[in-house]
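Trainee: no sequence for this one, just the structure:
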């Protein structure tokens, strides 16, 4: 097996966060990581002079390469060291093309610069940002040997999925002068003599690519000293203060996206604080559901707050009064009141929204690429274009007409006002009866909607290992409940008295200046979040801890590794055995998991893929923390510095307080059996 | 085309048939037509407001308002027409027959 890292930066370009390059660092990295081959891949540039120095200084084989920005994703393009002159000339064109942040080239441009892409080793960012995807990926696919990922979890996932490119895990590291610990992301390939074409052949065959030398993809190196972990389920045991938690902390620091469930973090401590925290947690997780549920109602409410039915009634009354009065005064008309404009009503002005939406839809149909063949099967594109043009013509005409009417309305208002000042005659006050009728209809619809909201109903349900999260909608039963939902220190007693008639209730809420209009939509129905146990009752204290663990673990899917420190500190054995073990085992099928435990239920029944035994040892008067590891079926466990220990004895010591105690306990159980 | 006229008998406006009608008889439809002509006709003219000739006080009031508005509108005519032609200009040009995308 050869260990390779084909993604390394040695020049601080505008795409980097600024660093000082050091050849010594590069040498140290290659030596300590025992690399057989590396590639120099800087962003959109290649420096042949620097490459020559690196090649001369390193023991490993060095390939010239470049990381090119293609279609907004990154692509590693690597050449034979023998083609240096040609490669230098071509990469110069890349540097001329990509000159600032945001610049990116098309696949065609890449071909234009490099010619036949089959000559190179091409590796795109696959499950790693910024990825090459979509059409660009399809165009490049015939030339790709592998796809880069950025974690062991993603590596394993891609390895199991034959539709994905062969995964490779590279460091993407900057060879900076102040580099601390060396990077730990490399890939092993089963390759004889390392040449570019041999590498390409190897990478195309996923069975020849692995995370570790001897154990294929079952183990991968996590610590600089060579200590590995399983890509599945690891169980870390050892007596108190043997460095177990410290080991987890270290893993957490090394793997950026670690999900770490700390010891006792789920235990119920201060009852009240816990209650608050638990509720807060549930509320946060689920309040999104309520907002989503109420989104439609919120829009309805936004229209309703501007409707003042009392003012509308007044306007109608005023219209009738002035109409009657004007009729009575018919014989008292003068030159002003006899003018047609004196009692003229304004133009109603229509809306162009519908037409605008229609134009957008037609344009959407014309410009959609994804479903073009289906669209063109039924509608002729030329007809659609004609339709768009005709609609735009209509929109222009209408917009002009409306604008003219607006001008006339302004003139009518102005002249009516001036005429009114000159005469004693009564002017009929205009009213838009259509709008008022619409307002009444809107309020009616709003009232119905609120009634629906107030009906007791389950609006969301979600299950998690026997627990059920239930979100319900129903009526508020008192002013206090409304206050709680509003989170505002004000009295709702007056408003609640009107709660049965939603519109009056709304007017009452609007009259309270301490309430934000934008948040009123939460005050019409009570949205309750509840977590129920298997029997349908609200969860108890202990059950809450279980529920939280389940939630935390379910969350872990979004991370690259799950670390759990002594789950037994929070739960009873039955729950551990029936649920926790099952879930941890399940999740370890898709990502690495490390569980620290003293508990024999977990240690013995979880079905670990890899066993780690932490031990504090005295050596020449010095304390040494050592980790022994191996497969659970191994008779002996080994440390990275070559020491060994018996597997059975270690397990007995840490899980059963030693073989003697285990035997005594077993006999004790035997004695009380019947 | 003359839209507003002052004579011995008072202020007048042009109606659809081209007749001049006393200005106190103008309603919203009449106004709309005047506005439309002002914005779209190549040449329009208005008799200047003159208080001495216009004896009827209602005529004075209405004529003055309408004339002022139309004169102001005439000055904005170009920008008004441009504005509506700018609506969806890009799409319009792209999809117009005879113009390939």
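Mentor: Arrived safely, thanks for sending. Everything numeric here is computed off the predicted structure, so don't read it as measured data.
Trainee: alpha carbons only for contacts and neighbour counts from here, please
Mentor: OK.
Trainee: Now do the helix or strand bottoming out on mean pLDDT in chain B: which elements does it pack against?
Mentor: Lowest on mean pLDDT, DSSP states H and E among the helices and strands of chain B sits helix B:89-95, with a mean of 78. If you count contacts as 3 or more CA pairs under 8 Å, 6 or more residues apart in numbering or on different chains; DSSP states H and E, helix B:89-95 packs onto helix A:381-422.
Trainee: at 10 Å instead, please
Mentor: Contacts defined by 3 or more CA pairs under 10 Å, 6 or more residues apart in numbering or on different chains; DSSP states H and E place helix B:89-95 against helix A:353-367, helix A:381-422.
Trainee: Pull the distance from the last one to the chain's centre.
Mentor: Offset of helix A:381-422 from its chain centre (CA atoms, centre = their mean, to the nearest Å): 47 Å.
Trainee: can you check the shortest one too?
Mentor: For helix A:353-367, the distance from its own C-alpha centre to the chain's C-alpha centre is 32 Å (CA atoms, centre = their mean).
Trainee: Would you mind listing the buried residues in that helix?
Mentor: Neighbour-count burial for helix A:353-367 flags A:359, A:362, A:363, A:365, A:366 (criterion: 16 or more other CA atoms under 10 Å in any protein chain shown).
Trainee: hang on, residue A:250 in a helix?
Mentor: Yes. Under DSSP: H, G, I helix; E, B strand; the rest coil, residue A:250 sits within a helix.
Trainee: Could you verify my assumption that it touches residue A:260?
Mentor: No. Using CA atoms under 10 Å, residue A:250 makes no contact with residue A:260, being 11.3 Å away.
Trainee: about what we covered before: so which of the buried residues of helix A:353-367 are also by chain B?
Mentor: Of the residues in the buried residues of helix A:353-367, proximity to chain B by CA under 10 Å from any CA of the partner chain holds for A:359, A:363, A:366.
Trainee: and stretch A:586-605, what's its mean pLDDT?
Mentor: Taken as a whole, stretch A:586-605 has a mean pLDDT of 81.
Trainee: Tabulate the helices and strands packed on helix B:89-95 in JSON lines, adding columns for mean pLDDT.
Mentor: Compiled in JSON lines, the helices and strands packed on helix B:89-95 are given as follows (pLDDT from 0 to 100):
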{"stretch": "helix A:353-367", "mean pLDDT": "90"}
{"stretch": "helix A:381-422", "mean pLDDT": "91"}
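Trainee: Mean neighbour count, the ones you listed: which tops it?
Mentor: helix A:381-422 (a mean of 18; mean count of other CA atoms under 10 Å in any protein chain shown).
Trainee: circling back: out of residue A:250 and residue A:260, which sits in the more crowded spot?
Mentor: residue A:260 (20 against 13; other CA atoms under 10 Å in any protein chain shown).
Trainee: Quick check: that one vs residue A:625, distance?
Mentor: Residue A:260 sits at a distance of 22 Å from residue A:625 (criterion: CA to CA, to the nearest Å).
Trainee: just for chain B, where's the confidence low?
Mentor: For chain B, applying pLDDT under 70 flags the ranges B:97-101.
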